[in-house]
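> turn this into a model:
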Amino acid sequence: MNKTDFQTEDDLKNYLTSLVLEYASTMNKIEEEICLKEQNQSEIDFFPEFKKLYLPVFEKYCSEKRRIYGGKADSFGIPTKFDGIEKHIECSVDLKNTNRAEVYFKTDNDEDAEYLFVLLRKSNIWRIDNAKVRWYEEEKWDTVIL
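This is a model prediction of the structure:
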């Protein structure tokens, strides 16, 4: 996760893409598993279990900035937060500077979602700082609460 020596710019871009996909796919899997359990046992509060699974992943992949709403494992559901990202139809990385990058995914899911992740490098470690979502043809990005 803290690999900083990249032979080429493409190596860095591949690393950042993989980092985001690992995070989003893991979070989707956690949401799906909790939702399945909740469907089968609706009388049980699954938020403590969700939080137990969510927080280590969040801490591993996301930046340490103070978040008013995020980082608390306050919601889960179907479709998952990053629905369709695993089977994206388009992906690109824009290296804004040596410490900032944007990773973009276009999906082919039911919502026609596009995701944009902003990553920051601090102490040679890349972390997800924020994420945004929009639907095809829309200009405005909406913030995703991580």
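> need the longest helix for this structure.
Identified as the longest helix of the chain according to DSSP state H is helix 9-40.
> and that one, which residues are buried?
Under the neighbour-count criterion of 16 or more other C-beta atoms under 10 Å, helix 9-40 has 12-13, 15-17, 19-21, 23-24, 26-28, 30-32, 34-35, 38 buried. All C-beta spots, glycine's among them, are computed from the backbone N, C-alpha and C.
> equivalent analysis for stretch 66-85, please.
Neighbour-count burial for stretch 66-85 flags Gly70, Gly71, Ala73, Phe76, Thr80, Lys81, Phe82, Asp83, Gly84, Ile85 (criterion: 16+ other C-beta under 10 Å).
> save these as JSON lines, and put in distance to Lys122, pLDDT and secondary structure too.
Listed next are the buried residues of stretch 66-85 as JSON lines, based on distance: C-beta to C-beta, whole Å; pLDDT from 0 to 100; DSSP: H, G, I helix; E, B strand; the rest coil:
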{"residue": "Gly70", "distance to Lys122": "17", "pLDDT": "68", "secondary structure": "coil"}
{"residue": "Gly71", "distance to Lys122": "16", "pLDDT": "69", "secondary structure": "coil"}
{"residue": "Ala73", "distance to Lys122": "23", "pLDDT": "80", "secondary structure": "coil"}
{"residue": "Phe76", "distance to Lys122": "28", "pLDDT": "89", "secondary structure": "coil"}
{"residue": "Thr80", "distance to Lys122": "28", "pLDDT": "92", "secondary structure": "coil"}
{"residue": "Lys81", "distance to Lys122": "24", "pLDDT": "92", "secondary structure": "coil"}
{"residue": "Phe82", "distance to Lys122": "23", "pLDDT": "95", "secondary structure": "coil"}
{"residue": "Asp83", "distance to Lys122": "29", "pLDDT": "94", "secondary structure": "coil"}
{"residue": "Gly84", "distance to Lys122": "30", "pLDDT": "93", "secondary structure": "coil"}
{"residue": "Ile85", "distance to Lys122": "24", "pLDDT": "95", "secondary structure": "helix"}
